[in-house]
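Asks: below is the sequence, then the predicted model.
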There are 2 protein chains.
Amino acid sequence: MNRTPVSLAARQGTLREHNLALVARAVFESPAPRSRADLSVVTGLTRATVSVLVDQLVDAEILRELPPLAPQRAGRPAVPLTPAARSIVGLGLEVNVDYLGGRVVDLTGAVVAERVTPGDFHASDPADVLARLGTLARDLLAEVDAQGMRVAGARLALPGLVDARAGRLQVAPNLGWSELDPVPLLGLDPGLRFDVANEAKLAGLAQSALAHGGPPVPSDPAPGAPPLPDDGARPGPSSYLYVSGDVGIGSAIVIDRQLFLGRHGWSGEIGHVVVDPHGPRCPCGATGCLEQYAGKDALLRAAGLGVDAQVADLVAALDAGDARATAAAARAGSALGSALADFMNLVDIDTVLLGGIYPDLLPYLRAPLLTGLRTRVLAAPWAEFEVSAALVGSYAAMTGGARLVLRDVLAHPADWVTPV
Amino acid sequence: MNRTPVSLAARQGTLREHNLALVARAVFESPAPRSRADLSVVTGLTRATVSVLVDQLVDAEILRELPPLAPQRAGRPAVPLTPAARSIVGLGLEVNVDYLGGRVVDLTGAVVAERVTPGDFHASDPADVLARLGTLARDLLAEVDAQGMRVAGARLALPGLVDARAGRLQVAPNLGWSELDPVPLLGLDPGLRFDVANEAKLAGLAQSALAHGGPPVPSDPAPGAPPLPDDGARPGPSSYLYVSGDVGIGSAIVIDRQLFLGRHGWSGEIGHVVVDPHGPRCPCGATGCLEQYAGKDALLRAAGLGVDAQVADLVAALDAGDARATAAAARAGSALGSALADFMNLVDIDTVLLGGIYPDLLPYLRAPLLTGLRTRVLAAPWAEFEVSAALVGSYAAMTGGARLVLRDVLAHPADWVTPV
DNA sequence: CGCATAAGTTCATCCGTACAACAAATATGC
DNA sequence: GCATATTTGTTGTACGGATGAACTTATGCG
């Protein structure tokens, strides 16, 4: 999922690439704009060197100079530098059970273009659906191209087991797809850098900011809205587990703002962790998987609601104090607690962000969930775990995919700087 | 656990450090000695640069030149380069329930000094025990110092929950220790770089070679034995889970030969993963933990043997076809399968190496274990998992600790090269 | 208006690698 | 036995990139 260097040998150019990335990251990380002199202090490079590097980054439209603001103290006023808006952008595409769409995000984290089509893609034809998504993507690309933006690459999010290295989908049960090489079916320009990843993993990454320590993602940015002002808001945690709850339950392990994919990209399949081997049978072939307690369908059924019911109906029943609904939520919460405890024991992560259907249900899940963690996590007396609702809004996987593309740009700005 | 760089800025010296490490690693990785010309091809550096770097590494006694061997083809004969034996060494110390001791390992991976004292440290006094270990360590250090070797640092392995960053032991149930800052109690020279880690994690690392791709560890090297000849043996897997089974069950997650510690160093606590919530109560406070099925005491008890019995007795009973023993092993195997399946679903690892008491029991555990994996791992149809016995011999944690020290040397050889 | 102050730029220097030519040590062909 | 081909390792020059000090630019303050 990352660019591979041509050689491991470090030559002079490697220095420049490294420091270019260092300076760029320093600007992106900072909540407030920084001057060249600031950057010199922060990075440890001399002002002279920083000047050269910044000029190149401004040339490449990765950074932009702002008009100097009214100086407060003596001395030549500083030129503030910020990430450039609407210059280099990333494309995030997604096919999910009830919609498909794409988002274009720029280096400030703003959504500059978006197209989403609702639909029912349960047991759909991959070639057909991906061709539709391809058309939608071409429209998006034409739109941003007309505005002079350059597209750095694209990510496709799919709700299934994706081999991230090979770019193949192994199986997406809810779509009814399997053994698929999805990118060619989009019919896009093969020159565009394209990667495929699991939906939950990209959504989990949307939770994290673009750069390490950077500004947090707006909860649900309206397309075309101006980039939100930098208010120096607290950045989210840098290491966490993002859990995406729907019919299935997936998750993303994020450590130091880096996605932990595992050998193939199949990490985080928390939906099939053992909760009770004597529990109900799961379509995966095993019994008592977490999904059978805390998955959307399982929850609604246990609450005595039809499968056609929405999560809102469940919330209403819970608010009304319905006994079956309350029992179902308690069962789900305690199952989640058990599965998350396994996770914490194995991976030593103390922050869990719940996304998908869970934020609305969290008030009813929290108590049994925390009880499960306290009794099962070995390090519980010393760890301070936090379980909270994820901040990401809808279509998080698209945002996360686009952001991942831009993160590559930020990690290798030299690719965008004119070699002269 | 790693050296922190003074600044993130890359300057000229950073290049040299990087390439120095690159060249050193290339030599250590190779099963056969390499010449400067070889290294130039492998690393992508020019022969001129490689020459300069190699000279510095030979000066620092990290590499050594061998006498040129009988040339096979035309041209000036190459000078073979290998890791230097008995020059820079690492110290690994360990306190466990029934022994304490230390090992000194050199850059070739050979054990150059060792002292182990058996004992019963169940419910022991930490100050007392650690003072004894400190004396033992001083003897070892004096011994290798007399032979002109330089000690790069030390690691202390403890069978408990260790906060690797803070160097603190939270709790070691089987020793009866808790809330402890163990390093000062050793009473060693504070100038010696010292870190503390969990026993299973260091033992898991002993499984891996010193450098990525390097020669595998000898099964149980005799102290003082000459370094084994490089036979080009297949290096072990680079990503795996090492499971250390005893009364408790711990594990080490190794990814690309790097130990994955988690936020505090508390990853891999597989012994307390849920196997069956209705199962027996565990001292940890929860119910149905893996340890209650596959831990040593639980296994022996289920097999109808006394707790004083040895694993050898269980193996004998199994070989004799004893019904209770067979049932206990089947139960343990299937519990291990369930817990390891959770692990694979969460972390996407496909190789498991079983250490501690498991290698002897493996023939009886394997079938139910693999059945558990096949039914519970979501990616089972596409992953080829391997479950095998760990190769490491006794006192693996000491070896692993010493090796970890040397790995730091190899990662930062510039620290050992004369700055002129 | 002159001085203090801070930001940004210019230029000589240093350091480490690249490139090319050369020296060293061996095999082979006649 | 000697010239030639071949490969290893070394030497010297060129080049790219960071450094540090001096310099220029733009402001506040007395």
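Replies: That came in fine, so what should we check first? Predicted, not measured: the structure shown is a model, and the values here were computed from it.

Asks: in this structure A:Tyr240 contacts A:Thr351, no?
Replies: Yes - using C-beta atoms under 8 Å, A:Tyr240 makes contact with A:Thr351 at a distance of 4.0 Å. Where C-beta positions appear, they are placed from N, C-alpha and C, glycine not excepted.

Asks: ranges for the strands of the stretch 101-250 of chain A?
Replies: Using DSSP state E, counting those that start in this stretch, the strands of the stretch 101-250 of chain A run over A:111-118, A:150-158, A:161-163, A:168-172, A:177-180, A:194-198, A:240-245, A:249-255.

Asks: list the helices and strands the first one packs on?
Replies: Meaning strand A:111-118. The contact analysis (3 or more C-beta pairs under 8 Å, 6 or more residues apart in numbering or on different chains; DSSP states H and E) places strand A:111-118 against strand A:99-106, helix A:126-146.

Asks: partners of that strand in the sheet?
Replies: Taking DSSP bridges as the criterion, strand A:111-118 forms sheet pairs with strand A:99-106 (antiparallel).

Asks: what's the angle from the partner strand to strand A:150-158?
Replies: Relative orientation of strand A:99-106 and strand A:150-158, computed by axes from the mean of the first three to the mean of the last three C-alpha atoms, to 10 degrees: 150 degrees.

Asks: just the residues contacting strand A:99-106, thanks.
Replies: For strand A:99-106, the surrounding residues in contact (C-beta atoms under 8 Å, 6 or more residues apart in numbering or on different chains) are A:84-94, A:111-119, A:121, A:129, A:132-133, A:136-137, A:140, A:143-144, A:149, A:151, A:223, A:227, A:395, A:398-399, A:401-403, A:406.

Asks: please list the residues of chain A that sit near DNA strand D.
Replies: Contact residues, chain A versus DNA strand D (C-beta under 7 Å from any atom of the strand): A:12-13, A:15-16, A:19, A:44-49, A:52-53, A:68, A:70-71, A:73-77.

Asks: which residue ranges make up each domain of chain A?
Replies: Listed domain ranges for chain A are A:88-228+A:396-416, A:240-389 (source: automatic domain parsing).

Asks: average model confidence for the longest one?
Replies: Over the span of domain A:88-228+A:396-416, the pLDDT mean works out to 89.

Asks: repeat for the shortest one
Replies: Average pLDDT, domain A:240-389: 94.

Asks: more crowded one of A:Tyr240 and A:Thr351?
Replies: A:Tyr240 (23 against 19; other C-beta atoms under 10 Å in any protein chain shown).

Asks: quick one, what contacts the residue nearest to A:Ala172 when sequence neighbours are not counted?
Replies: Spatially, and ignoring its direct neighbours in sequence, A:Ala172 is nearest to A:Gly160 (2.8 Å; C-beta to C-beta, 6 or more residues apart in numbering or on different chains). Contact analysis of A:Gly160 by C-beta under 8 Å, 6+ apart lists A:Leu169, A:Gln170, A:Val171, A:Ala172, A:Pro173, A:Asn174, A:Leu175, A:Trp177, A:Asn198, A:Glu199.

Asks: highest neighbour count among the residues you listed?
Replies: Counting neighbours by other C-beta under 10 Å, A:Asn198 leads those with 30 neighbours.

Asks: find the nearest non-adjacent residue to that one, please.
Replies: Here the residue nearest A:Asn198, using C-beta to C-beta, 6+ apart, is A:Val162, at 4.8 Å.

Asks: let me know the secondary structure of A:Met344.
Replies: helix (DSSP: H, G, I helix; E, B strand; the rest coil).

Asks: what's the neighbour count on the residue nearest to it when sequence neighbours are not counted?
Replies: Leaving out its chain neighbours, the residue that sits closest to A:Met344 by C-beta to C-beta, 6+ apart is A:Val377, at 4.8 Å. For A:Val377, the neighbour count with other C-beta under 10 Å is 27.

Asks: residues in contact with A:Val377?
Replies: Applying C-beta under 8 Å, 6+ apart to A:Val377 gives the contacts A:Ala341, A:Met344, A:Asn345, A:Ala383, A:Phe385.

Asks: so the first one touches A:Gly372, yeah?
Replies: Yes - the pair A:Ala341 and A:Gly372 qualifies as a contact (C-beta under 8 Å) at a distance of 5.7 Å.

Asks: what residues are shared contacts of the two?
Replies: Among the neighbours of A:Ala341, none is also in contact with A:Gly372 (C-beta under 8 Å, 6+ apart).

Asks: one step back: quick one, which of the strands of the stretch 101-250 of chain A is packed in tightest?
Replies: Mean neighbour count (mean count of other C-beta atoms under 10 Å in any protein chain shown) peaks for strand A:240-245 among the strands of the stretch 101-250 of chain A, with a mean of 28.

Asks: paired strands for that one, with orientation please.
Replies: Sheet partners assigned to strand A:240-245 using DSSP bridges are listed as strand A:249-255 (antiparallel), strand A:351-356 (parallel).

Asks: relative to strand A:249-255, how tilted is the one helix or strand A:Leu373 maps to?
Replies: Secondary structure assignment for A:Leu373, by DSSP states H and E: helix A:358-376. In terms of direction (the same axes, to 10 degrees), helix A:358-376 departs from strand A:249-255 by 70 degrees.

Asks: how about helix A:358-376 against chain B, any contact?
Replies: Yes - applying C-beta under 8 Å from any C-beta of the partner chain, one finds helix A:358-376 touching chain B at A:Thr375, A:Arg376.

Asks: repeat for stretch A:53-66
Replies: No - interface with chain B: stretch A:53-66 contributes nothing (C-beta under 8 Å from any C-beta), its closest point being 10.6 Å away.
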